[in-house]
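everything below, folded, please.
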Amino acid sequence: MLQVIDNITVPTTIRSLEFSLNRGMVITDSSLEIEQISDSGNRHSLYRVVLPENRSRLQIRYQGKPVFSGQKSLGQMPQGVLNAKGVYLDGSSAWYPITNLPLTSIDLQVEQPEGWRVLSVGGLEETSGITHWRSRIPHDDIYLVAGPFTRYAKKHGDVDLSVWLLTEDRALADRYLAPMADYLDHYSRQIGHYPFAKFAVVENPWQTGFGMPSFTLLGSRVLRLPFIPFTSLPHEIAHNWLGNGIWVDYEKGNWSEGLTAYLADHWMKERRAKGSQHRQKSLQRFSNFAAEGKDAPLLDFVSRHNDTSQAIGYDKSMMLFHMIRRALGDRGFSTALQRLWQSHRFQRIGFEQTLQTLLYDRPELLARFRPWLNSSHMPRIHLQKAEHAITNGQHQLRLLVENSGKARLTFQLPIYVTTTSTKVAEPHWVTIKESAQEIILQLDRAPLRVDVDPAFDVLRHLDRSEQAPALNQLFAGRTALIMPSEAPSSSREAWQRFAKTLQARYPQLVLISDQERMPENIENRLILGWGNLLLKSALPGFHRGSQRLTLDGLEVESAAYPRKQNALVLVSNSAAGAATGFIGASTPGEIDLLARKLPHYGSYGRLVFEANTVKNLRRDVLAPRYSVLSKTFTNQFVTLNLPTEPVLGTAEND
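Numbers count the residues shown, from 1 in each chain. Okay, the predicted model is just below:
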């Protein structure tokens with residue numbers, strides 16, 4: 001149970017205060033008379049207290065065990081926890097009186113069971129059996145997390161960095177403590193001074209990746225994945241500025257997930273010269289999961305609850321911020337981020353206000369980008385014509401670009417031209433306003449090839465021919481899961497379980513046997529199992545470059561992956577965009593493990609796993625082979641070499 005003494009200080013102008021409290025908490029005493037207005041019969045009760053003139057302080061004593069809803073968040077974490085194993089409480093469970101007044105400062109003293117540690121917002125003071133958290137900056141919630149934690153910490157200037165683990169593991173803690181300071185310094189330079197007294201990574205029994213002010217809750221299995229310190233960790237740290245430092249007005253659009261994804265996930269890839277690849281994967285997820293009428297305005301995005309909402313609130317939103325950065329230049333974008341922080345820290349804002357602040361001194365850009373927030377129809381670009389001519393000794397490239405998107409959105413479209421005198425393609429930025437637009441480029445040398453938006457700088461639906469063969473093509477569309485009819489019964493049962501697991505997340509998937517005809521209106525197919533009757537005839541479709549799939553396994557360049565030692569996943573697509581996938585696994589155990597793992601590898605077209613353990617050994621993003629946004633003007637193969645992209649926060653010039 002929880003026993004609380006709560007001292008609340010309000011402005012002297014407040015004469016009547018209403019608050020809600022969890023129905024499981026019973027008020028046992030108070031310094032002023034409290035009237036219960038209503039009992040919802042659900043989880044929260046509503047109270048009112050009248051404060052005498054010049055009285056601004058109220059003390060309430062209450063105790064009990066909060067009543068939680070049956071709702072589960074990502075990772076199946078319950079709304080709240082209060083038991084012998086640990087505690088997680090936040091404002092949604094109303095474990096403290098919830099009012100409509102801001103939380104301007106917090107003092108929290110907790111007496112906890114022996115062997116436990118307590119975490120909340122603010123700076124930490126500990127004495128024997130008592131933990132004191134104090135914060136003098138505004139918060140929009142009060143968290144109480146407790147359990148048998150081991151705490152590992154170090155100081156970085158005036159910020160306390162720490163890792164809280166449920167089992168002792170110094171090496172694991174050090175993996176997270178090592179990069180924290182660099183991430184905090186980067187975002188402090190990019191956005192503004194870090195606003196909190198600490199940052200803590202906290203182990204959670206549920207498999208989550210939640211960001212709270214000054215700490216993150218990472219699932220115990222998630223925490224131990226080797227790549228998390230370089231993916232989720234910078235993302236959760238960036239949220240301390242965006243979402244937990246500047247708060248989200250959810251009724252007016254959640255802007256923080258897209259901007260955080262851009263400044264963290266995209267930035268980490270950009271540092272490794274893979275920014276364009278990351279954008280391609282984001283556009284591919286958006287194109288697959290938000291296609292066919294599933295797209296929605298960014299102003300309507302609240303939170304992620306499935307693949308479609310993630311594609312809109314993360315991928316679509318991230319690409320809009322990338323376009324804004326391209327329009328402002330790196331210096332201008334950094335200045336805009338700092339203005340956003342200085343103007344709105346510890347305030348609640350929506351998507352449009354975020355856009356207005358970023359583009360405060362560029363009204364022409366604000367007018368261009370504002371319509372993107374309301375639209376559920378993104379551009380669809382096609383290169384309908386590309387002709388080279390010589391006029392008066394000048395090389396001329398005449399293009400016809402079609403935008404078949406329903407909404408008329410204005411944007412800058414990059415067109416890269418490789419000529420006989422250039423090894424690196426030269427960009428030409430063109431303003432697109434019309435559904436069909438003729439573009440004439442004057443060149444000094446003959447063009448060898450032309451590519452429209454090859455670095456994926458524009459928020460748009462990818463043409464099917466542009467899409468790299470990847471699992472999310474199969475998962476997002478209408479795809480036939482083809483069962484191996486002649487496999488042993490244990491394998492057939494495992495593939496049945498595999499199909500049910502995928503269909504629970506992707507209900508449009510259809511299950512058929514390898515002896516049945518493909519259903520009408522279904523182009524994509526996923527061939528399951530080495531003994532599948534369709535595999536032999538499908539093998540040539542998986543040949544590309546050095547990649548060869550045989551009935552004995554996979555060969556890529558000089559590496560061989562025999563089927564007995566490896567589980568394999570391959571995806572190929574045709575010039576028309578139809579996708580074919582193959583999953584080769586030898587035992588029911590491998591099949592069951594792959595069913596849980598593969599939705600997390602949706603952007604990859606070639607995967608190799610170790611047999612039995614299903615430990616990932618190889619994951620490759622494959623290049624598209626049939627893009628209709630590219631044309632060559634010679635019979636010889638011409639390599640596309642794009643200019644090196646600057647890394648945000650390190651570029652000397654725009």
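
only C-alpha atoms from now on, for both contacts and neighbour counts.
OK.

so how far is Ala476 from the residue nearest to Glu270 when sequence neighbours are not counted?
Excluding its sequence neighbours, the residue lying closest to Glu270 (C-alpha to C-alpha, 6 or more residues apart in numbering) is Val647, at 5.9 Å. Between Val647 and Ala476 the computed distance is 32 Å (C-alpha to C-alpha, to the nearest Å).

who's more crowded, these two?
Neighbours around Val647 and Ala476, counted as other C-alpha atoms under 10 Å, are more numerous at Ala476. The numbers are 23 against 17.

report the contact partners of that one.
Each residue near Ala476 by C-alpha atoms under 8 Å, 6 or more residues apart in numbering is listed here: Asn288, Phe289, Tyr506, Gln508.

show me those residues that map onto helices.
Assignment to helices by DSSP state H places the following of the contacts of Ala476 there: Asn288, Phe289.

buried ones among the contacts of Ala476?
Using 16 or more other C-alpha atoms under 10 Å as the burial test, the contacts of Ala476 include Asn288, Phe289, Tyr506 as buried.

identify the residues contacting the second one.
Phe289 makes contact with Asp307, Thr308, Ala311, Ala476, Gly477 under the criterion C-alpha under 8 Å, 6+ apart.

and the closest residue to Val50 other than its chain neighbours, its phi and psi?
By the measure of C-alpha to C-alpha, 6+ apart, the closest residue to Val50 outside its immediate chain neighbours is Ser16, 4.5 Å from it. Listed backbone geometry of Ser16 is phi -130, psi 130, with angles given as degrees, to the nearest 10.

which parts of the stretch 101-250 of the chain are strands?
With strands called from DSSP state E, counting those that start in this stretch, the stretch 101-250 of the chain shows them at 106-111, 117-119, 123-127, 130-135, 144-147, 150-156, 159-165, 198-204, 209-212, 215-219, 247-248.

pretty sure Arg370 is in a helix, no?
Yes - counting by DSSP: H, G, I helix; E, B strand; the rest coil, one finds Arg370 located in a helix.

how about Trp95: what's its closest non-neighbour residue?
Ranked by C-alpha to C-alpha, 6+ apart and with sequence neighbours excluded, the top spatial neighbour of Trp95 is Asn22, at 5.8 Å.

please work out the average pLDDT along stretch 605-619.
Stretch 605-619 comes out with an average pLDDT of 94.

report the buried residues of that stretch.
Applying a neighbour-count criterion of 16+ other C-alpha under 10 Å, one finds Gly605, Arg606, Leu607, Val608, Phe609, Glu610, Ala611, Asn612, Val614 buried in stretch 605-619.

contacting residues around the first one?
Meaning Gly605. With C-alpha under 8 Å, 6+ apart, Gly605 has these contacts: Ala468, Pro469, Ala470, Leu471, Val569, Leu570, Val571, Ser572, Arg619, Asp620, Val621, Leu622.

give me the phi and psi for the nearest residue to the third one once chain neighbours are set aside.
Distances taken as C-alpha to C-alpha, 6+ apart place Gly605 nearest to Ala470, at 4.0 Å, with adjacent residues excluded. Main-chain dihedrals, Gly605, degrees, to the nearest 10: phi -110, psi -10.

what about Gly605, distance to His461?
When distance is defined by C-alpha to C-alpha, Gly605 is 19 Å away from His461.

likewise Leu103?
Look at Leu103 and His461: by C-alpha to C-alpha, they are 43 Å apart.

ok, Asp158 touching Phe199?
No - proximity of Asp158 to Phe199 does not meet the contact threshold set by C-alpha atoms under 8 Å, at 11.2 Å.

what two of the contacts of Phe289 are the furthest from one another?
Across those, no pair lies farther apart than Ala311 and Gly477, at 14.3 Å, counting by C-alpha to C-alpha.

neighbour count: these two, which is higher?
Shown here are Ala311 and Gly477; by other C-alpha under 10 Å, Ala311 has more neighbours (24 against 21).

which SS state does that one fall under?
Three-state assignment for Ala311 (three-state DSSP): helix.

what does Ile482 give?
Reduced to three states with three-state DSSP, the structure at Ile482 is strand.

one more: the one 4 residues further on?
When the structure is split into helix, strand and coil by three-state DSSP, Glu486 lands in coil.

dihedrals phi and psi, the residue lying closest to it once chain neighbours are set aside?
Taking C-alpha to C-alpha, 6+ apart, and ignoring the residues beside it in sequence, Glu486 has Gly531 as its nearest neighbour in space, at 6.9 Å. With angles defined as degrees, to the nearest 10, Gly531 shows backbone torsions of phi -90, psi 10.

and Gly531, what pLDDT?
At Gly531, the predicted lDDT confidence score is 93.

OK, contacts around it?
When contacts are counted by C-alpha under 8 Å, 6+ apart, Gly531 is found next to Pro484, Glu486, Ala487.

same check on Thr131?
With contact taken as C-alpha under 8 Å, 6+ apart, Thr131 is in contact with Gln109, Val110, Glu111, Gln112, Arg117, Val118, Leu124, Glu125.

kindly recompute the last result at 7 Å.
Thr131 is in contact with Gln109, Val110, Glu111, Val118, Glu125, counting by C-alpha atoms under 7 Å, 6 or more residues apart in numbering.

and for the last one, the neighbour number?
As a burial measure, Glu125 scores 11 neighbours (other C-alpha under 10 Å).

try the fourth one
The local packing count at Val118 equals 23, with neighbours defined by other C-alpha under 10 Å.

hmm, back to that, only whichever of the contacts of Gly531 are buried, select them in PyMOL.
Only the buried members of the contacts of Gly531 end up in this PyMOL selection, burial being decided by 16+ other C-alpha under 10 Å:
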select buried, resi 484+487
